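Peer 1: I would like to see how this sequence folds:
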Amino acid sequence: MARISIATFNVNSVRTRLPILQKWLKDRSIDVLCLQETKVVDDDFPKDAFKAMGYRSIFRGEKSYNGVAILTKASMDGFAIGFGDGEEPECDTRVIRGRIGDFCFINTYVPQGKAVDHADYVFKHRFLDRMKALLEREYLTSEKVVWVGDMNVAPTDIDVTSPEKKRDHPCFAPDIQKRFEDVKGWGFIDLFRKFRPGEGEFTFFDYRVKNSLERNIGWRIDHVLVTPALESAAVDCFVDRDPRGWEQPSDHAPVVAVFDL
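Peer 2: Numbering: from 1, shown residues only. Take a look at the predicted model:
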């Protein structure tokens, strides 16, 4: 049995946040790191910097927008980019998957949606539908599967500050919460809530809200979801707020899950 840690982190530009990642990974034992919003074309992804820290990397990105990556200390036994369902847009800068042995991990950057009456909100719903279809097509609920990423959905009232003011927000509206729960219903457990069921735990602290981290004004939209086989192996799941308070931070904090596998 080995202790394995996996983390999800929306870095909001991997090159800008590289010093933070270097500092964080030096002090934190992370075996699999899933990044979102890398905002860099593939030729410019800082793979050599991660290699120097002992990580192999797969990634797909675009200039100034989207982008996903998986960094692993061990060699992957397989990976895939995008949904692979033949539907346009392919979303290859929003979905990336990997496998090490029988441990399967899926990393997504779900669209934000802009507004509930915007075309991007329709796209967000469709993205989640395609995610469920991917799960039904490629995985079994009996397998060790973890789905992580910036899901851009706060599932319940305790996942946001001032929920009564956010009912029409594209990350909190009841219909998107229901759609997210439907995908989770394929066979996932919210691992963070297993270990931390209380209020006041957030992963996103808006730059536009003054001192949002210090005042603990935020959203829990970055998630670690696991199948029962991984839930039984889980040791902990927590938000690491420290990087959000460092110089030139992302507006997100990483979420870390630990397993004995």
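Peer 1: tell me which strands and helices the longest helix along the chain is in contact with?
Peer 2: For the chain, the longest helix by residue count, based on DSSP state H, is helix 119-138. For helix 119-138, the contact count by 3 or more CB pairs under 8 Å, 6 or more residues apart in numbering; DSSP states H and E identifies helix 174-184 as packing neighbours. No exception for glycine: its C-beta is placed from N, CA and C like everyone else's.
Peer 1: who does the next helix or strand after the helix it packs on pair up with?
Peer 2: Downstream of helix 174-184, the first helix or strand assigned by DSSP states H and E is strand 189-190. The sheet places strand 189-190 alongside strand 222-226 (antiparallel), with pairing taken from DSSP bridges.
Peer 1: For residue 160, see how far away residue 111 is.
Peer 2: Per CB to CB, to the nearest Å, residue 111 is found 18 Å from residue 160.
Peer 1: quick one on the thing from earlier: and the next helix or strand after the longest helix of the chain, what other elements does it pack with?
Peer 2: Remark: after helix 119-138, the chain's next helix or strand is strand 144-150, criterion DSSP H and E. Strand 144-150 sits against strand 3-10, strand 32-36, strand 103-109, strand 222-226, helix 228-231, strand 255-260, with contacts defined as 3+ CB pairs under 8 Å, 6+ apart.
Peer 1: List the residues that contact the spatially most central residue of the chain.
Peer 2: Nearest to the geometric centre of the chain sits residue 149, at 1.1 Å (CA atoms, centre = their mean). Residue 149 is in contact with 8, 10, 34, 36, 68, 106, 107, 108, 109, 110, 222, 223, counting by CB atoms under 8 Å, 6 or more residues apart in numbering.
Peer 1: Just give the closest residue to it, not the sequence neighbours.
Peer 2: Nearest non-adjacent residue to residue 149, counting by CB to CB, 6 or more residues apart in numbering: residue 108, 4.1 Å away.
Peer 1: if I read this right, the one you found contacts residue 95, doesn't it?
Peer 2: Yes - counting by CB atoms under 8 Å, residue 108 does reach residue 95; the two are 5.3 Å apart.
Peer 1: Give me the common contacts of these two.
Peer 2: Going by CB under 8 Å, 6+ apart, residues that sit against residue 108 and also against residue 95 are 68, 131.
Peer 1: and of the helices and strands packed on strand 144-150, who's closest to residue 56?
Peer 2: strand 32-36 (10.4 Å; CB to CB).
Peer 1: where's the closest residue to residue 182 other than its chain neighbours relative to residue 105, distance?
Peer 2: Using CB to CB, 6+ apart and skipping residues adjacent in sequence, the residue nearest residue 182 is residue 132, 6.8 Å away. Using CB to CB, residue 132 is found at 17 Å from residue 105.
Peer 1: filter the contacts of residue 149 to the buried ones?
Peer 2: Using 16 or more other CB atoms under 10 Å as the burial test, the contacts of residue 149 include 8, 10, 34, 36, 68, 106, 107, 108, 109, 110, 222, 223 as buried.
Peer 1: Now distance to residue 203 too, for those residues, in CSV please.
Peer 2: Output for the buried ones among the contacts of residue 149, formatted as CSV (distance: CB to CB, whole Å):
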residue, distance to residue 203
8, 9
10, 8
34, 13
36, 11
68, 17
106, 18
107, 15
108, 15
109, 14
110, 13
222, 4
223, 8
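Peer 1: what's near enough to touch residue 155?
Peer 2: Counting by CB under 8 Å, 6+ apart, residue 155 touches 177, 180, 181, 190, 220.
Peer 1: wait, the second one sits on residue 128?
Peer 2: What it means is residue 180. Yes - between residue 180 and residue 128 there is a contact under CB under 8 Å: 6.3 Å.
Peer 1: I figured the residue nearest to residue 182 hits residue 186, correct?
Peer 2: Yes - counting by CB under 8 Å, residue 132 does reach residue 186; the two are 5.9 Å apart.
Peer 1: When these two are compared, which one has more neighbours?
Peer 2: Higher neighbour count among residue 132 and residue 186: residue 186, with 18 against 15, using other CB atoms under 10 Å.
Peer 1: Relative to residue 191, how far out is the residue nearest to the centre of the chain?
Peer 2: Look at residue 149 and residue 191: by CB to CB, they are 13 Å apart.
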